[in-house]
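*Asks:* Turn this into a structure:
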Amino acid sequence: MTKNTICVWYEKDAEEAANFYAATFPDSRVEAIHLAPADFPSGKKGQVITVQFTVVGIPCVGLNGGPMFKHSEAFSFQISTESQEETDRYWNAIVGNGGVESACGWCKDKWGVNWQITPKVLTDAMAAGGQKAKNAFEAMMTMRKIDVAAIEAAVKRAG
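*Replies:* Numbers count the residues shown, from 1 in each chain. Below you'll find the model as predicted:
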């Protein structure tokens, strides 16, 4: 285990979520599944308690902790994409697997974990500052899934 690992709380489906992430994103995998050595507040001995997995190179632990805590937009995975095709692939995988669309490139998977599917053209425009950032930002604010061509057009209008 690495020194710094993200722990993601799930009600009961950490293994299913980790397998989905591993199948959806590059450099993602399930490393280990650990069973509870004894009964715990939301489960029984022998049930999956934690799952070690990697999402796009980031080490994580999924904890089946029960229904006490819910996810919020205060935490999200941000996935940088190179093209509309890649943006569509990840967005459609999450939303098409029981997830929910949100605004400005955000969506939520069926387990409640928040994702930002963010084309590099958008982050580059924001980093450029000035009118390019303003135009890209204003275009983004009208979107759910990010439209790469619309962001490129907004940046081009800035000159």
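
*Asks:* measure residue 34 to residue 131 for me?
*Replies:* Distance of residue 34 to residue 131, given as C-beta to C-beta, to the nearest Å: 52 Å. To be clear about C-beta, it is placed using only N, CA and C from the backbone, and glycine gets the same treatment.

*Asks:* surely residue 100 meets residue 106?
*Replies:* No - between residue 100 and residue 106 there is no contact, the gap being 9.6 Å when judged by C-beta atoms under 8 Å.

*Asks:* Looking at these two, which one has more neighbours?
*Replies:* Between residue 100 and residue 106, counting by other C-beta atoms under 10 Å, residue 106 is the more crowded of the two (19 against 13).

*Asks:* from what I can see the more buried one touches residue 118, true?
*Replies:* No - between residue 106 and residue 118 there is no contact under C-beta under 8 Å: 9.2 Å.

*Asks:* what about the residue nearest in space to the middle of the chain, which SS state?
*Replies:* Centroid check for the chain by C-alpha atoms, centre = their mean gives residue 115 as the closest residue, at 3.0 Å. Put simply, residue 115 is strand when judged by DSSP: H, G, I helix; E, B strand; the rest coil.

*Asks:* Show me the protein divided up by domain.
*Replies:* Domains of the chain are assigned by automatic domain parsing as 1-69, 71-159.
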